[in-house]
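Asker: Just need the structure, nothing else, for what follows:
(2 chains)
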2 protein chains.
Amino acid sequence: MSDPIQMRLPAVGLIGPGTLGRPIAARLMRGGRPLAVHARRHEAALSLIEAGATWCATARELAAVSDIVFIVVSDTPDVEQVLFGPHGVIEGARPGALVIDLSTISPQASREFAHRLAERGVDMLDARVSGGEASAIDGTLSVMDGGGDAALARARPLLDVIGSTVVHVGENGAGQVAKSCNQIITAVTIEAVAEVLTLARRLGADPGRVRAALGGGFAASSALEQQGARMIARDFSPGLRAAVHARDLGIVIDSAHALGLDLPASAIAAQQLNALVGAGEGDLDTSAMIKVLERMIGDYR
Amino acid sequence: MSDPIQMRLPAVGLIGPGTLGRPIAARLMRGGRPLAVHARRHEAALSLIEAGATWCATARELAAVSDIVFIVVSDTPDVEQVLFGPHGVIEGARPGALVIDLSTISPQASREFAHRLAERGVDMLDARVSGGEASAIDGTLSVMDGGGDAALARARPLLDVIGSTVVHVGENGAGQVAKSCNQIITAVTIEAVAEVLTLARRLGADPGRVRAALGGGFAASSALEQQGARMIARDFSPGLRAAVHARDLGIVIDSAHALGLDLPASAIAAQQLNALVGAGEGDLDTSAMIKVLERMIGDYR
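Answerer: Residues are numbered from 1 along each chain as shown, chains lettered A, B, ... in the order given. As a prediction, the model looks like this:
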């Protein structure tokens, strides 16, 4: 559109260099792209600072030097604090800036935040990612984004750096919706895998062979492949932490209640995950859902 | 093992040329292999007889001329009738014959039938298939079999004709277990897909885009791909009939009760399928499970 000589690369900042945020930041810095970084704890950003990132003491300070601000924090209150709390993004953001929120928050809150930012001339995109730390390191996350077309066009070159598939789901909040849907299907399918492996064992069949037989047909899925293998090997190291999955399903159930929706399988998966968290095992991989079933029938502990 | 000149091809018979049985029989006849056929209704076998199959008026008569007897009927009482009822297989079977039961029956019954046949010197294999009519026609069924190694070795050349993957799951009944597991995962995953597409629509996102976004990630499955597309297109022509799926889940729930097992997601899927059958819609594709959710919240009819 404009003369290439007049174009400059957008200045990019990232708030929340945690398990996902740190490898995403590292990928954004590849090829020498400068990056501003802010975290609640300075230590969380150390490896990035050593790699050349610029430390910002507050979200406001980071927003003041960034055209595009990535947010990768935990939940709805955290995003609200970072955007609108003291020394928040909104105090420092340049008009025309773009916020890309990668955190997992409620779709309703996501839409409201986008609205408040728009009143100050700041665009927002809610880009949910599927895939764990390994995918973040490899840049093979699956990105589902919600927001305006213009915002997506600006974000796209950066999203392509962190994800192998980027799908525009709809307006603000839609990325969050897609992420919720992803978490439902994943949790419910893992629960189904846990149930069939438990049933197979009780019926005297070899769970490993059953898994192999099912993997060749209509029932095949990553959950059967990966979590199924973990259940059989009794390897519950994360992976995908049950507490995170429980939190995500909690958002879904809250939405369902608010809408008066009946989502019975989602509710079952949420309860099984809650039982795992309640037993003090929220740090295990979600595949540990099989332990909830086993405990009910007095198998294992 | 023996001199090739002394070997003869086993004589093969098939009882139950229905939706699955007929294309399976047709594949077995390819290359000029002779086939004996029996059905409750002579008309069901007409196309096979025209293609050269030999009609047998009773299961006993068919067993008397067959080394290997395929059974493809509906449920446990039907298999019992065909094997042990008047003019049943057991009255005509040659010592050393092999019965391959492709019907969907309970694992416990399958083991009991194998035991009763073994007392008469007849081997049995329970070979469950996954995939519908189209896969039966193409010979791309996924076959999960339970039984002895020697029985499988004899059956293998014929199973390879009807299926693209043949997995030996374990002893008698294990094929049935694997099939039950397949039906659980399939039904539960379809329910999860129905829930997320309903949630997405209610949250204002486009269900088609959500499905596309999820298809690239961890939540991908044939259920999302195929039944998801049917739900969005409102195309509930079978496919995979809800009544058949409901019957299969009923077998699972009976097994779970008998074993004192808690399988909450399986139970939910069984109930949703029952609701569909109860509404007089058992002939629709399983993807119509989404209608149960919609009806609960007063959407559609």
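Asker: how about the helices of the stretch 1-150 of chain A, start to end?
Answerer: A:21-28, A:46-50, A:59-64, A:76-84, A:89-92, A:107-118, A:133-138, A:149-162 (DSSP state H, counting those that start in this stretch).
Asker: And the contacts of the third one?
Answerer: Looking back up the chat, that one is helix A:59-64. Residues outside helix A:59-64 that contact it (CB atoms under 8 Å, 6 or more residues apart in numbering or on different chains) are A:13, A:15, A:36-38, A:56, A:69, A:82-83, A:85, A:87-94, A:97. C-betas here are computed from N, CA, C, even on glycine.
Asker: Would stretch A:152-171 count as contacting chain B?
Answerer: Yes - applying CB under 8 Å from any CB of the partner chain, one finds stretch A:152-171 touching chain B at A:164-165, A:167-171.
Asker: Got a quick ChimeraX command for the buried subset of these?
Answerer: The buried residues among the residues of stretch A:152-171 next to chain B can be selected in ChimeraX (16 or more other CB atoms under 10 Å in any protein chain shown) with this line:
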select /A:165,167,168,169,170,171
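Asker: In strands, which of the residues of stretch A:152-171 next to chain B appear?
Answerer: Residues of these located in strands (DSSP state E): A:164-165, A:167-170.
Asker: Make a markdown table from the residues you listed and add pLDDT and distance to A:S180 to it.
Answerer: Converted to a markdown table, those look like this (pLDDT from 0 to 100; distance: CB to CB, whole Å):
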| residue | pLDDT | distance to A:S180 |
| --- | --- | --- |
| A:S164 | 91 | 21 |
| A:T165 | 89 | 18 |
| A:V167 | 90 | 15 |
| A:H168 | 91 | 17 |
| A:V169 | 91 | 11 |
| A:G170 | 90 | 13 |
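Asker: nearest to B:F218, of the residues you listed?
Answerer: Nearest to B:F218 among those is A:T165, at 11.6 Å by CB to CB.
Asker: Name the nearest residue to the closest one, sequence neighbours excluded.
Answerer: B:G216 (3.9 Å; CB to CB, 6 or more residues apart in numbering or on different chains).
Asker: Now do stretch A:128-147, average pLDDT.
Answerer: Per-residue pLDDT over stretch A:128-147 has a mean of 89.
Asker: measure that stretch end to end?
Answerer: 12 Å (CA to CA, to the nearest Å).
Asker: next one: stretch A:198-206
Answerer: 10 Å.
Asker: And that stretch, what's buried?
Answerer: A:198-203, A:205-206.
Asker: Could you tell me how far that stretch lies from the centre of the chain?
Answerer: Stretch A:198-206 has its C-alpha centroid displaced from the chain centroid by 34 Å (CA atoms, centre = their mean, to the nearest Å).
Asker: circling back to that earlier point, tell me, what's the model's pLDDT at the residue nearest to A:T165?
Answerer: B:G216 is given a pLDDT of 77.
Asker: Near chain B, which residues of the stretch 1-150 of chain A are found?
Answerer: Residues of the stretch 1-150 of chain A lying close to chain B (CB under 8 Å from any CB) are A:107, A:130-131, A:142, A:144, A:146.
Asker: Could you identify which of those has the most neighbours?
Answerer: When neighbours are taken as other CB atoms under 10 Å in any protein chain shown, the top entry among the residues of the stretch 1-150 of chain A next to chain B is A:M144 (34 neighbours).
Asker: In this structure that residue contacts A:G173, no?
Answerer: No - in this structure, A:M144 is not within contact of A:G173 by CB atoms under 8 Å, at 11.4 Å.
Asker: where exactly do the helices run in the stretch 151-300 of chain A?
Answerer: So, for the stretch 151-300 of chain A - with DSSP H, counting those that start in this stretch - the helices run A:174-202, A:207-215, A:222, A:228-233, A:242-259, A:264-278, A:289-296.
Asker: Extract the C-alpha trace of stretch A:281-289 and format it as PDB.
Answerer: Taking C-alpha atoms only, stretch A:281-289 is exported to PDB below (Å, rounded to 0.1, in the frame of the first residue of the first chain):
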ATOM      1  CA  GLU A 281      -3.700 -33.700  41.800                       C
ATOM      2  CA  GLY A 282      -4.300 -30.600  39.700                       C
ATOM      3  CA  ASP A 283      -0.600 -30.600  38.700                       C
ATOM      4  CA  LEU A 284      -0.900 -33.900  37.000                       C
ATOM      5  CA  ASP A 285      -1.600 -34.300  33.300                       C
ATOM      6  CA  THR A 286      -5.300 -34.300  32.300                       C
ATOM      7  CA  SER A 287      -4.900 -38.000  31.400                       C
ATOM      8  CA  ALA A 288      -5.100 -38.600  35.200                       C
ATOM      9  CA  MET A 289      -8.900 -38.200  34.700                       C
END
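Asker: Show me chain A divided up by domain.
Answerer: A:4-171, A:178-296 (automatic domain parsing).
Asker: Which of those domains has the highest mean neighbour count?
Answerer: Ranked by mean neighbour count, these are led by domain A:178-296 with a mean of 22 (mean count of other CB atoms under 10 Å in any protein chain shown).
Asker: Any idea how far it is from the middle of the chain?
Answerer: The answer for domain A:178-296 is 17 Å, by CA atoms, centre = their mean.
Asker: do the same with stretch A:291-301
Answerer: Per CA atoms, centre = their mean, the centroid offset for stretch A:291-301 relative to its chain is 30 Å.
Asker: Alpha carbons of that stretch, in CSV - could you do that?
Answerer: Output of stretch A:291-301 as CSV, limited to C-alpha atoms (Å, rounded to 0.1, in the frame of the first residue of the first chain):
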residue,chain,number,x,y,z
LYS,A,291,-7.7,-42.1,38.3
VAL,A,292,-11.1,-40.5,39.2
LEU,A,293,-12.9,-43.4,37.6
GLU,A,294,-10.6,-46.0,39.2
ARG,A,295,-11.0,-44.4,42.6
MET,A,296,-14.8,-44.5,42.3
ILE,A,297,-14.6,-48.3,41.8
GLY,A,298,-11.9,-48.8,44.4
ASP,A,299,-9.2,-49.7,41.9
TYR,A,300,-5.7,-48.2,42.5
ARG,A,301,-5.6,-45.2,44.8
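Asker: is that stretch anywhere near chain B?
Answerer: Yes - if you take CB under 8 Å from any CB as the test, stretch A:291-301 does meet chain B, through A:293, A:296-297.
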